[in-house]
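Chemist: I would like to see how this sequence folds:
(2 chains)
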Number of protein chains: 2
Amino acid sequence: MQEARLEFSKYWEPSRLIEKVSLREASGRILAEDVKSKIDLPPFDRSIYDGYAVKAEDTFGAEEDDPVTLQLKGKILAGQKPDIGIDSNECVEISTGAPMPDSADAVVMVEDTSIDDGKVKVRSAVSLKENVSEKGSELQKGDNVATAGTELSPQVYGSLLACGIEYVKVYRKPQVGIISIGEELVDVGSELELGEIYDVNGPTLTKAVEDCGCLSFYQGILHDDIEEMEKEIENSLADFDVVITSGGTSAGSSDFLPEVLENLGDPGIIVHGLAQKPGKPTVMAIVKNKPIFGLPGYPVSALMVFYQVVAPYLREMSGKPALERKMVEARLPRKITSEAGRKELVPVSLSEEDGNKIATSLRRGSGAITSLSKSDGYFVVPLNIEIIDSDEIVDVELFGWVLL
Amino acid sequence: MQEARLEFSKYWEPSRLIEKVSLREASGRILAEDVKSKIDLPPFDRSIYDGYAVKAEDTFGAEEDDPVTLQLKGKILAGQKPDIGIDSNECVEISTGAPMPDSADAVVMVEDTSIDDGKVKVRSAVSLKENVSEKGSELQKGDNVATAGTELSPQVYGSLLACGIEYVKVYRKPQVGIISIGEELVDVGSELELGEIYDVNGPTLTKAVEDCGCLSFYQGILHDDIEEMEKEIENSLADFDVVITSGGTSAGSSDFLPEVLENLGDPGIIVHGLAQKPGKPTVMAIVKNKPIFGLPGYPVSALMVFYQVVAPYLREMSGKPALERKMVEARLPRKITSEAGRKELVPVSLSEEDGNKIATSLRRGSGAITSLSKSDGYFVVPLNIEIIDSDEIVDVELFGWVLL
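Modeler: So this is what the prediction gives:
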């Protein structure tokens, strides 16, 4: 894997494009620039509580049993423009969030007052600016609100809205063409004839690609017709940033994807086969400066190689942060044998027994489709290990992290 | 919180509705029924490898240096209908996934053979059904493929496709109306006049509600006009399954949401104020058998109370599994004081120092909007604790779990 990646990087590196979108459409996207506030926040001096706007110095010395009495000049509600000012020993009733009247410099909370005949008794002193949120105290126009690389979670999205941002630059979602190859494949919804099966990889990869922050374009099924295949892959290379195929890559007599890729232009196939199982029929090619990934046809293998090889490139291109890998320890209920000289990734289904995790192998023999829906993750059998005994503990890497 | 929930449950319990949708539109939705396969899987006996379809008994005794020779009768590719059968000592070339010809009962892998003048030399014996995936061996028509409550991940989605499923019953997404209340609020894109601020809660809650598997309908800003408020909330109750408001719930002179809710019908307000901070201005009401949640106006408080009180109900209604809570230990850089007699949830921003996590408090004083974007989670100050010293370790519950 590391060698394949290194070799591939001599010809192609993932890069990002940037587009400007309306903030309302940008939820979940990744910021491609630092965003600066368009306004001061708060935009004006505002009261933090319901209470009375005062001159702080007028309240000095006020105590529970020795209140200061102020003349009530009027009332300012949130959303109202203050058209009142105060002089010494005056106050204005003010609600939470309302703008401070001229000359007032602090707010006494309503709990610390009582009112009697147009006069307000203040029972607790306040200091200058107490209970006032000052204009620009939180952010000034031009201050950074969020940095490039931040994902627009509800919180970040809300913060940008509050700063008056209407448009943001985000990373453009890479456009990925997806093609399924196989003479035996038909679309769901068709009647199956003898020898035919439904195409699973196309729609499954479509969803997995979207989870990497990309737009996916399922191009349907290609049969084993070399001219049709060449034309369709050439079209996809023109239309999309990345092309992913599945099937058509092993050494079977009717598998001519590698031939097609070599015909389409230099440098063509860079990696043919990963030094691991599954991965033997995997192809990584560059044609017209765009990457094409040819995945195995067997659904569990296709998805495992996708997550391992392709997903990191797609996330890099979309700006999505790399996913934290989650490992759990689990016990093997049965002995596992593996070919010597090849690393193997064994897909497993996890279950629990007496509070301990059990990893049941889901290899080729055990059925393509049920394996697909039951697979929770995989563990690695290293290059030179041929047997792992039953009851051994293995480290299972969960698929979950890539599927959230 | 527990008491509020218990009281509320006397009047209303979250329930789920079911709808039938095309599988292609169901990715990420939650299955509301067990799904049974419409076909046998595989739908026919198929070869697992490229090789030769044989009668197993003909190969018995074959060894590397003592091969068995079989007559080659033809070729079956994947996707082809087999129009050939074999007799004893005959074989048919077969590709991975191709249907088995009549009378053949095993496959010899191509690696274990050589071909010479129409004759195939088999160098390794195979047993009955070896390298053959039998019709229905994986799943039979009518077998369960996925169970109710399963989220349609790419894998599960792919499995259902393979089984010929075109429509599935899923939980209907609850429809949630969202209203912002406040005389001072204006929509983003407007010029701010003195005393006005942009509405943050409406759009932020819209996104947070969608993360709970619901459809959200932002109804805009209501000003402090009691008749308009009554009309709008009544309309929202008619249109949606749940209504969420923010602002307009404290004891300020212009906050009449509680009055409106009491006017709209029985039982009205069930819970007014949670025994915690933030939460004092929270309202939980039932009108016309639908729940209305009135959240605080201050954005961090609104989001915290949303995640704590409202999100679990919404996830229950949408069928989304409850989220695992993630806790981390972190050190307080500064002493925290809290009101006695009230539980307090203190929002914090997390950072790292020498590999240790630091939890910096983001309370009311520190700014509504920057707090919103910086908040990573919160810790709880219990009822009767008034001071937590600096350098104490607290358990921070991450917001992350609710935002994925």
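
Chemist: give me phi/psi at the nearest residue in space to A:Ser301 that is not next to it in sequence?
Modeler: In space, and not counting its chain neighbours, A:Ser301 is closest to A:Pro278: 3.5 Å by C-beta to C-beta, 6 or more residues apart in numbering or on different chains. Bear in mind the C-beta positions are built from the backbone N, C-alpha and C, glycine included. With angles defined as degrees, to the nearest 10, A:Pro278 sits at phi -80, psi 160.

Chemist: from what I see, A:Pro278 and A:Leu345 are in contact.
Modeler: Yes. Between A:Pro278 and A:Leu345 there is a contact under C-beta atoms under 8 Å: 6.6 Å.

Chemist: give the contact list for the residue in the stretch 1-150 of chain A that chain B sits nearest to.
Modeler: Taking C-beta to the nearest C-beta, chain B has its nearest neighbour within the stretch 1-150 of chain A at A:Gly79, 3.1 Å off. By C-beta atoms under 8 Å, 6 or more residues apart in numbering or on different chains, the residues touching A:Gly79 are A:Gly97, A:Ala98, B:Gly182, B:Glu183, B:Glu184, B:Leu185, B:Gly195, B:Glu196, B:His223, B:Asp224.

Chemist: go on, A:Lys73?
Modeler: Going by C-beta under 8 Å, 6+ apart, A:Lys73 touches A:Ile84, A:Ile86, A:Glu90, A:Cys91, A:Val92, A:Pro101.

Chemist: try 6 Å this time
Modeler: Residues near A:Lys73 by C-beta atoms under 6 Å, 6 or more residues apart in numbering or on different chains: A:Ile84, A:Ile86, A:Glu90, A:Val92.

Chemist: what pairs with the helix or strand hosting A:Cys91, parallel or antiparallel?
Modeler: Following DSSP states H and E, one finds A:Cys91 within strand A:90-94. According to DSSP bridges, strand A:90-94 has the following sheet partners: strand A:51-54 (antiparallel), strand A:68-76 (parallel).

Chemist: make CSV from these and add mean pLDDT to it.
Modeler: As requested, the strands paired with strand A:90-94 are arranged in CSV below (pLDDT from 0 to 100):
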stretch, mean pLDDT
strand A:51-54, 96
strand A:68-76, 95
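
Chemist: buried deepest among these, which one?
Modeler: Most buried of the strands paired with strand A:90-94 by mean neighbour count (mean count of other C-beta atoms under 10 Å in any protein chain shown) is strand A:51-54; its value is a mean of 29.

Chemist: so for stretch A:132-152, what's the average pLDDT?
Modeler: On average, the pLDDT along stretch A:132-152 is 91.

Chemist: identify all contacting residues around it.
Modeler: A:26-37, A:39-42, A:44-46, A:48, A:107, A:156, A:159, A:163, B:367, B:370.

Chemist: for A:Glu166, what are its contacts?
Modeler: Counting by C-beta under 6 Å, 6+ apart, A:Glu166 makes contact with A:Leu23, B:Gly189.

Chemist: can you pull the pLDDT of it?
Modeler: For A:Glu166, pLDDT reads 89.

Chemist: what does the one 5 residues further on give?
Modeler: You'll see A:Tyr171 listed with a pLDDT of 97.

Chemist: what about it, neighbour count?
Modeler: A:Tyr171: 20 surrounding residues under other C-beta atoms under 10 Å in any protein chain shown.

Chemist: tell me which entries of the contacts of A:Gly79 lie within strands.
Modeler: Here DSSP state E is the test, and the contacts of A:Gly79 give B:Leu185 as lying in strands.

Chemist: buried subset of the contacts of A:Gly79 as a PyMOL selection?
Modeler: Here is the PyMOL command that selects the buried residues among these (16 or more other C-beta atoms under 10 Å in any protein chain shown):
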select buried, (chain A and resi 97+98) or (chain B and resi 182+183+184+185+195+196+224)
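
Chemist: ok, so of the contacts of A:Gly79, who is nearest A:Gly213?
Modeler: For the contacts of A:Gly79, the closest approach to A:Gly213 (C-beta to C-beta) belongs to B:Leu185, at 32.4 Å.

Chemist: from memory that closest one sits against B:His223, does it?
Modeler: No. Applying C-beta atoms under 6 Å, one finds B:Leu185 not in contact with B:His223, separated by 7.9 Å.

Chemist: tell me the one of the contacts of A:Gly79 nearest B:Leu128?
Modeler: Of all the contacts of A:Gly79, B:Leu185 has the smallest distance to B:Leu128: 76.0 Å, by C-beta to C-beta.

Chemist: A:Lys357: what secondary structure?
Modeler: Classification of A:Lys357 by DSSP: H, G, I helix; E, B strand; the rest coil places it in strand.

Chemist: how close does it sit to A:Leu185?
Modeler: Distance, A:Lys357 to A:Leu185, by C-beta to C-beta, to the nearest Å: 36 Å.

Chemist: paired strands for the longest strand that chain A contains, with orientation please.
Modeler: Ranked by residue count, the top strand of chain A under DSSP E comes out as strand A:343-353. Partners of strand A:343-353 in the sheet, by DSSP bridges, are strand A:276-277 (parallel), strand A:356-361 (antiparallel), strand A:377-381 (antiparallel).

Chemist: how near is A:Glu316 to B:Lys81?
Modeler: Using C-beta to C-beta, one obtains 45 Å as the distance from A:Glu316 to B:Lys81.

Chemist: ok, A:Pro101 next?
Modeler: Distance of A:Pro101 to B:Lys81, computed by C-beta to C-beta: 88 Å.

Chemist: ok, these two, which is more surrounded?
Modeler: More neighbours surround A:Pro101 than the other of A:Pro101 and B:Lys81, with 23 against 12 (other C-beta under 10 Å).

Chemist: which stretch of helix or strand covers the closest residue to A:Arg29 other than its chain neighbours?
Modeler: Nearest residue to A:Arg29 in three dimensions, chain neighbours excluded: A:Val170, at 4.1 Å (C-beta to C-beta, 6+ apart). A:Val170 is located in strand A:167-171, with elements delineated by DSSP H and E.

Chemist: what helices or strands is that strand leaning on?
Modeler: With contacts taken as 3 or more C-beta pairs under 6 Å, 6 or more residues apart in numbering or on different chains; DSSP states H and E, strand A:167-171 sits against strand A:18-22.

Chemist: who does the helix or strand following the strand it packs on pair up with?
Modeler: Downstream of strand A:18-22, the next assigned helix or strand under DSSP H and E is strand A:35-36. When pairs are called by DSSP bridges, strand A:35-36 turns out to pair with strand A:144-146 (antiparallel).

Chemist: other residues contacting the helix or strand following the partner strand?
Modeler: Counting by DSSP H and E, the element after strand A:144-146 in chain order, helix or strand, is helix A:154-162. With contact meaning C-beta under 6 Å, 6+ apart, helix A:154-162 is reached by A:23, A:27, A:145-146, A:150, B:188, B:198, B:200, B:203-204, B:207-208, B:369, B:372-373.

Chemist: now helix A:154-162 against strand A:167-171, angle please.
Modeler: Here the directions of helix A:154-162 and strand A:167-171 differ by 140 degrees (axes from the mean of the first three to the mean of the last three C-alpha atoms, to 10 degrees).

Chemist: work out the gap between helix A:154-162 and the centre of the chain.
Modeler: Mean C-alpha position of helix A:154-162 versus that of the full chain (C-alpha atoms, centre = their mean, to the nearest Å) differs by 16 Å.

Chemist: list the buried residues in the strand holding A:Val170.
Modeler: A:Val168, A:Lys169, A:Val170, A:Tyr171.

Chemist: now distance to B:Ile18 too, for those, in TSV please.
Modeler: Shown next, in TSV, are the buried residues of strand A:167-171 (distance: C-beta to C-beta, whole Å):
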residue	distance to B:Ile18
A:Val168	38
A:Lys169	42
A:Val170	36
A:Tyr171	38
